[in-house]
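[1] Based on what follows, work out the 3D shape:
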Amino acid sequence: MKDPGAPKIHELIHRIALCKQQDIVVNSSTMELRREEVVWTWARIKSHYGLPGFVGQQGYSIMDPVTKATHAISIRAGISVIITDTAYVYEEFRKSPPRWYKVLGWAETDDFITLPVRMVERSDFAIPPQESSLVAKPSMVEL
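    Have a look, this model is predicted:
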């Protein structure tokens, strides 16, 4: 039996990137945090209305409990990604500012994966995810 709360295909209208977080040591005193894209996919994003939360002028969430989900993102289950590695979700628009969501957990059914997330940034200056370092790189050895 199908889940009545599961999204329909025509509701998957948001283009998102599932991202992982990596801590990269640049030198002995500097560490860099990167949000690398893993896969781009289509999703349904639903807001949880009635929750107190504010976004400041810089685009960051303020006065919001860190563990409370502000949105629920549903994606198709057959995207061949280990969903437990997902730390952030990036959503970009054509005319509105892009958004970053922090993944708080996940629930999986036969056809869909639902991620309870918390919106952490909405700004024109939001940095998009960096390309994955999993791409083949040229050899540094001269032949």
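
[2] In the chain, where is pLDDT below threshold?
    Along the chain, the model assigns pLDDT under 70 to residues 1-4, 50-65, 132-143.

[3] Which parts of it are helices?
    With DSSP state H as the criterion, the chain has no helices.

[4] Just read off the phi/psi values of the residue lying closest to residue 111 once chain neighbours are set aside.
    Using CB to CB, 6 or more residues apart in numbering and skipping the chain neighbours, the partner closest in space to residue 111 is residue 77 (5.7 Å). Yep, even glycine has a C-beta here, placed from its N, CA and C like the rest. Dihedral pair for residue 77: phi -80, psi -20, per degrees, to the nearest 10.

[5] Could you list which residues are in contact with residue 77?
    Shown in contact with residue 77 (CB atoms under 8 Å, 6 or more residues apart in numbering): 108-113.

[6] same thing with residue 69?
    Contacts for residue 69 (CB under 8 Å, 6+ apart) come out as 48, 104, 116-118.

[7] residue contacts, the residue nearest the centre of the chain?
    Averaging the C-alpha coordinates of the chain gives a centre point, and the residue nearest to it by CA atoms, centre = their mean is residue 89 (0.5 Å). Contacts here follow CB under 8 Å, 6+ apart; on that basis residue 89 touches 16-19, 43, 73, 100-101, 103, 115, 117.

[8] and residue 85, what is it in contact with?
    20, 38.

[9] going forward, begin numbering at 637 instead of 1
    Sure, I'll start counting at 637 from here, so that last one is residue 721.

[10] Could you tell me how far it is located from residue 677?
    Distance from residue 721 to residue 677, counting by CB to CB, to the nearest Å: 15 Å.

[11] Any buried residues in the top strand by length along the chain, and which?
    Using DSSP state E to define each element, the chain has its longest strand at strand 666-683. Neighbour-count burial for strand 666-683 flags 671-674, 677, 679-681 (criterion: 16 or more other CB atoms under 10 Å).
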